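Asks: fold the following for me, if possible:
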Amino acid sequence: MRLEGYSPAKNLVLLEAIKTKESSSGAIILATEQSAGYYKVAKVGPMCQATKIGDYIISSLQMGVEIEFEEGKYMQLPETGIDGYYLPSTQELKNPVPVIQSPSSQDEEEFNVIDSENGDNDVGSEMGLRED
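Replies: Okay, the predicted model is just below:
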């Protein structure tokens, strides 16, 4: 399927992912592509109200549909799934950097529980629980 022959329906937007190139460390340097966290709007449906072709948007919606065209893969989602609009600088467009960082996960060992073995602690104990 060709991109030029496709039009989204309703309030759907067709998005092209902006990719960053990161070099891997080691003896052989390989460039790997990764999403920068924002997308360029390639096409819009007739019911879209605020979004237009050429806008850059940020979306955390995981329900987008991936569509494969001859020109590459694009993502389609409803206009209501757009979290915000982004205006990258010309430098960012030449060399994109991620705008959304993934949150660091806590180890289970770092999880603090306020309780003692017999139930008497500074916070108190629950009524009706046995103290073994």
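Asks: ramachandran coordinates for Pro88?
Replies: phi -70, psi 150 (degrees, to the nearest 10).
Asks: tell me who's in contact with the closest residue to it other than its chain neighbours.
Replies: Closest residue in space to Pro88, ignoring its immediate chain neighbours: Tyr56 at 5.8 Å, by Cβ to Cβ, 6 or more residues apart in numbering. (Each C-beta comes from the backbone N, C-alpha and C, glycine too.) Residues in contact with Tyr56 (Cβ atoms under 8 Å, 6 or more residues apart in numbering) are 18, 38-41, 85-88.
Asks: report the buried members of these.
Replies: 18, 38-41, 86, 88 (16 or more other Cβ atoms under 10 Å).
Asks: and Lys19, that one's in a strand?
Replies: Yes. When DSSP: H, G, I helix; E, B strand; the rest coil is applied, Lys19 is found to be in a strand.
Asks: beta partners of it?
Replies: With DSSP bridges applied, Lys19 shows beta-bridge pairing to Ser35.
Asks: burial of it, as a residue count?
Replies: 12 (other Cβ atoms under 10 Å).
Asks: following element in sequence after the helix or strand bottoming out on mean pLDDT in the chain, please.
Replies: Lowest by mean pLDDT, DSSP states H and E among the helices and strands of the chain is strand 31-44, with a mean of 79. As assigned by DSSP states H and E, the chain's next helix or strand after strand 31-44 is strand 56-58.
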